[in-house]
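Engineer: Give me a 3D structure for the following:
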Amino acid sequence: RKEIEEIINTFTTYTNSSCDSGGDSKNDNGSVTLLPTGSSIRIEKGQESGDSGIISNWPFYHEGKWWVQDISATLPAIGLINGLKTLNNQNNKMDHDYVDYFSKLHIVDMCAAPGGKTSQLLAAGFGKVTAVEVSQRRCKRLQENLHRLDLEERCDIVLSPGQDYTPKLNDKKVSGILLDVPCSATGTGNRRPDVLRKDSNDVEGLLQIQEILVNHCLDNILEKGGILCYATCSLLKIESEDQIKKLLTNRNDVETLPFTHGEIPGFDDAIDESGWLRLKPGVLDGQLKSCDGFFVARLIKK
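Structural biologist: Presented below is the predicted three-dimensional model:
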């Protein structure tokens with residue numbers, strides 16, 4: 001018997017009329033539940049033995065209709081997308097033609113592999129998405145994933161350390177950056193207990209990289225008025241809240257664009273007093289209770 005539980009993200013946003021979000025609906029792969037964001041589906045534990053436990057054998061995998069991504073990991077891209085919609089509303093007197101607006105924007109996904117967040121950005125319809133990844137091995141995986149999803153041709157993949165990347169001279173100005181920084185990954189400890197064994201020296205090196213990356217993004221990549229979503233899958237404040245507090249103290253050209261209640265269905269209780277998202281495993285209700293620990297701060301460059 002295969003004991004698996006996966007969350008898949010799709011190109012389609014479902015509603016209660018097309019999937020029962022309050023309970024389970026059965027299909028050939030077992031129990032399926034729509035999560036509150038509308039585009040993520042939880043495949044419950046309890047698959048029968050055989051090919052059904054192999055992800056690549058699930059329906060529509062090879063057709064590129066979905067990808068595996070924890071619900072927490074979807075939030076930085078959702079936050080960036082929503083933030084850019086908010087700016088468009090403010091600048092264009094509530095013009096909701098996001099298709100035309102997004103088609104004109106250049107978005108950068110730093111530390112992009114394996115590609116779930118990049119796929120979200122491409123699916124949102126941005127005119128240009130640049131995915132930056134330092135690891136050649138992970139960059140290959142990113143390319144393979146985007147190829148399966150038929151998104152490869154719409155993405156500029158750059159193999160480079162994030163702190164060395166700057167847009168090409170003929171590129172559009174960068175309106176948004178998704179920066180999911182290298183971190184201790186302690187928020188994934190429920191699935192990967194080994195990450196909880198990192199020592200203080202490991203974390204100290206990560207703190208330096210995080211600070212270098214976020215400042216480089218603000219100094220050399222993001223245009224004035226653009227949005228940066230800083231994210232970690234860490235439970236440690238020193239990698240998350242403390243890094244953003246330090247950034248806001250040291251710079252006068254950036255401020256928080258807070259998350260608002262009702263913005264991301266199911267996650268109101270994860271919004272802290274600063275307007276940032278802080279997810280802790282076991283805290284949210286229902287199907288979100290087992291989500292990974294995560295932190296997201298949405299910032300705007302003044």
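
Engineer: And the helix or strand where Glu144 lies, what's buried?
Structural biologist: Element membership for Glu144 (DSSP states H and E) is helix 136-148. Neighbour-count burial for helix 136-148, counted by 16 or more other C-beta atoms under 10 Å, picks out 138-139, 142-143, 145-146, 148. The way it works is simple: take the backbone N, C-alpha and C, and place the C-beta from them, glycine included.

Engineer: Skipping adjacent residues, who's closest to Asn215 in space?
Structural biologist: Leu247 (7.5 Å; C-beta to C-beta, 6 or more residues apart in numbering).

Engineer: Distance check, the one you found against Gly115.
Structural biologist: 27 Å (C-beta to C-beta, to the nearest Å).

Engineer: who touches the helix holding Glu144?
Structural biologist: For helix 136-148, contacts defined as C-beta atoms under 8 Å, 6 or more residues apart in numbering pick out 61-62, 64, 67, 112-116, 118-119, 122, 131, 133, 152, 155, 157, 159.

Engineer: Filter these down to just the ones in strands.
Structural biologist: Among those, the members falling in strands (DSSP state E) are 67, 131, 133, 155, 157, 159.

Engineer: from those residues, which is closest to Ile238?
Structural biologist: Closest to Ile238 out of these is Glu133 (24.8 Å), distances taken as C-beta to C-beta.

Engineer: Helices of the stretch 201-302 of the chain, start to end?
Structural biologist: Counting by DSSP state H, counting those that start in this stretch, the stretch 201-302 of the chain has helices at residues 241-250.

Engineer: Where do the strands of it begin and end?
Structural biologist: Applying DSSP state E, counting those that start in this stretch to the stretch 201-302 of the chain gives strands spanning 222-232, 254-256, 277-279, 294-301.

Engineer: Among these, show me which one is buried the most.
Structural biologist: A comparison of the strands of the stretch 201-302 of the chain by mean neighbour count, using mean count of other C-beta atoms under 10 Å, puts strand 294-301 on top with a mean of 25.

Engineer: Could you check how far it is from the centre of its chain?
Structural biologist: 11 Å (C-alpha atoms, centre = their mean, to the nearest Å).

Engineer: Who does that strand pair with, and is each partner parallel or antiparallel?
Structural biologist: strand 222-232 (antiparallel), strand 254-256 (antiparallel), strand 277-279 (antiparallel) (DSSP bridges).

Engineer: I'd like to know how far Ala73 sits from Thr166.
Structural biologist: From Ala73 to Thr166 the distance is 26 Å (C-beta to C-beta).

Engineer: ok, those two, which is more surrounded?
Structural biologist: Remark: of Ala73 and Thr166, Ala73 carries more neighbours, 23 against 13, as counted by other C-beta atoms under 10 Å.

Engineer: wait, that one sits on Gly293?
Structural biologist: No: here Ala73 does not reach Gly293: they are 11.0 Å apart, not a contact under C-beta atoms under 8 Å.

Engineer: Between these two, which contacts overlap?
Structural biologist: Joint contacts of Ala73 and Gly293 (C-beta under 8 Å, 6+ apart) are Cys233.

Engineer: and Glu263, what does it touch?
Structural biologist: Glu263 neighbours (C-beta under 8 Å, 6+ apart): Asn82.

Engineer: Show the model's pLDDT score for it.
Structural biologist: Looking at Glu263, its pLDDT reads 96.

Engineer: And for Arg197?
Structural biologist: 65.

Engineer: Throw the strands paired with strand 294-301 into JSON lines and include distance to Tyr101 and mean pLDDT, thanks.
Structural biologist: Output for the strands paired with strand 294-301, formatted as JSON lines (distance: least, C-beta to C-beta, whole Å; pLDDT from 0 to 100):
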{"stretch": "strand 222-232", "distance to Tyr101": "13", "mean pLDDT": "98"}
{"stretch": "strand 254-256", "distance to Tyr101": "22", "mean pLDDT": "98"}
{"stretch": "strand 277-279", "distance to Tyr101": "24", "mean pLDDT": "97"}
